[in-house]
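J.: Provided below are the primary sequence and the corresponding predicted coordinates.
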Amino acid sequence: MTIISHIPVFGEHSQEVALIQTLLEENGFNPNGIDGIYGKDTKRAIIDFQDRNGLTKDGILGKITLGAMGLKIKTPVNADGYAVLSWEKHHPERTEWSKIVIDKISILWDKLAQCQDITDFHPDFVRLTAKQQKSVWAELICNICLHESSWQRTCSVPEKNFENLDSITNQFVRSEGLMQLSYQDKKSYASLPCDFNWEVDKNLKVDDPNKTIFNPKSNLEFGIEILANQIKNHKKIALSKGYGNYYWAVLIPDGKYTKIPQIKSILKGMSF
């Protein structure tokens, strides 16, 4: 795979377009010269390429069409050299979430480094720099949150199938916040740092954004602690039901709610 800096758009004049024109010409699709201009002739050649490869014939260069050409988009990075995470798109205020995640990953790096299946999520992981590796882990956390809470920090879901009450609240268990954690997790993982405070939150409404369990820093940091603890104990991100000590349903390969294929697709698409 060849990595390019961005997805070219119609009318653009760039080296990326020239590379695409070269690839088209080498494979028998005539862009009418290698001038680096994404004009009508190049668009027609792209449509012909899409047609032969069973893709949508729109002449637009998307990730699927570029992938069929053997091209990948370079993952954007911030001023500190870490990847810009998926949840930041159109939401610059979430850069603070990314910083929280990267900082916590750095603190727990020795535990996370014991993971044996991270290359299943990003095959080139061992060849990446430290910042790039941490970026892969950060995008993993970002995607767990996507499939658990849709990136809604005040997401609160009652677990109706749980037989027992929450051991801290003595109420029905609720999965809450970005990583969908519960108050009883503070007792279940008593050795891990957690800032949830039921004595404060019990006086607030269920959806009150001021609840400590909704605080992005508290929720993300505790969730990453739980994941790092799993890695320390089992050396894996993806745990089958047989392990009995897993947390997120989206990370259970043989589970009803698994999102591992989707998460792997995003992480494998990260190019540095």
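T.: Okay, I see it.
J.: Looking at stretch 74-81 now, give me its mean pLDDT.
T.: For stretch 74-81, mean pLDDT rounds to 95.
J.: mind starting the numbering at 24 from now?
T.: Let's use 24 as the start, then, which means that last one is stretch 97-104.
J.: Dump that stretch to PDB, keeping only the CA atoms.
T.: Backbone C-alpha positions of stretch 97-104 (Å, rounded to 0.1, in the frame of the first residue of the first chain) are rendered in PDB as follows:
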ATOM      1  CA  LYS A  97      -2.200   9.200   5.900                       C
ATOM      2  CA  THR A  98      -3.700   9.500   9.400                       C
ATOM      3  CA  PRO A  99      -3.700  13.200  10.400                       C
ATOM      4  CA  VAL A 100      -1.700  14.000  13.500                       C
ATOM      5  CA  ASN A 101      -1.900  16.900  16.000                       C
ATOM      6  CA  ALA A 102       0.800  19.300  17.000                       C
ATOM      7  CA  ASP A 103       2.100  16.800  19.600                       C
ATOM      8  CA  GLY A 104       2.500  14.100  17.000                       C
END
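J.: Would you indicate which residues of that stretch are buried?
T.: For stretch 97-104, a neighbour-count test (16 or more other Cβ atoms under 10 Å) marks residue 98 as buried. C-beta here means a position set from N, CA and C on the backbone, and glycine is covered the same way.
J.: Please enumerate the strands of the stretch 174-295 of the chain.
T.: For the stretch 174-295 of the chain, strands defined by DSSP state E, counting those that start in this stretch occupy the ranges 179-181, 197-199.
J.: TSV for these, including distance to residue 130?
T.: Converted to TSV, the strands of the stretch 174-295 of the chain look like this (distance: least, Cβ to Cβ, whole Å):
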stretch	distance to residue 130
strand 179-181	27
strand 197-199	23
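J.: As a markdown table, those strands with mean pLDDT, distance to residue 288 and mean neighbour count would be great.
T.: Formatted as a markdown table, the strands of the stretch 174-295 of the chain follow (pLDDT from 0 to 100; distance: least, Cβ to Cβ, whole Å; neighbours: other Cβ atoms under 10 Å):
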| stretch | mean pLDDT | distance to residue 288 | mean neighbour count |
| --- | --- | --- | --- |
| strand 179-181 | 97 | 25 | 14 |
| strand 197-199 | 98 | 24 | 22 |
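J.: Mind checking these for the one nearest to residue 230?
T.: strand 179-181 (6.3 Å; Cβ to Cβ).
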